[in-house]
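Asker: Sequence first, then the predicted structure, then my questions.
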Amino acid sequence: MFFFIWTMIILFFIASFIGFVFPIIPSVLVLWAGFAVYYFGISRDELSIVFWIAMLLFTALMFLADFFANSYFVKKYGGSKWGEWTAVVAIIAGSFVIPPFGILVVPFIAVLLVELIILKNMKKAFFVAYATLIGFLSGTLAKLVIQLVMIGWFFTEALI
């Protein structure tokens, strides 16, 4: 049973990384499912209160990483609120269209079209669409690093 539980934990952690390519998979919830399996299946005592508080803070940081990265780059290149919201919706839609490339292509095209309508300037609209792409990749990189820290901290507490 011990081996089965650890296999489940590791599979949850792997699945949490798949969420970076397919955003429909809620990475952070799957990660927390791995923590929960450990807590309820192996030990309720190994993971400290500091661990749980830190995981909550890291989880909040993961949610904010996407928002701030996207918002920062779109604003930097003169994008609109419509462009920001279009990018968010298009990332979700893009995960269903030519996965995994859809999460890059669909937001770029959608934001380009929205900003072209709003700005009526192809060059500016292109830069805003490009900024959306950079924002998404920056947010994803930040979430990846945070998630690796969370998993590393988990293994440190669980195994040492």
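Answerer: Thanks, I have it. Numbers count the residues shown, from 1 in each chain.

Asker: From now on I want contacts and neighbour counts done on CA atoms only, so please keep to that.
Answerer: OK.

Asker: residues touching the spatially closest residue to residue 106 that is not a sequence neighbour, list them.
Answerer: Counting by C-alpha to C-alpha, 6 or more residues apart in numbering, the nearest residue to residue 106 once its immediate chain neighbours are dropped is residue 94, at 5.2 Å. Under the criterion of C-alpha atoms under 8 Å, 6 or more residues apart in numbering, the contact list for residue 94 reads 101-107.

Asker: swap in residue 2?
Answerer: Applying C-alpha under 8 Å, 6+ apart to residue 2 gives the contacts residue 42.

Asker: That one and residue 153: what is the separation?
Answerer: If you measure residue 2 against residue 153 using C-alpha to C-alpha, to the nearest Å, the figure is 20 Å.

Asker: what helix or strand is residue 106 on?
Answerer: With elements delineated by DSSP states H and E, residue 106 resides in helix 102-119, which encompasses its position.

Asker: what does residue 152 give?
Answerer: Under DSSP H and E, the secondary-structure element containing residue 152 is helix 122-159.
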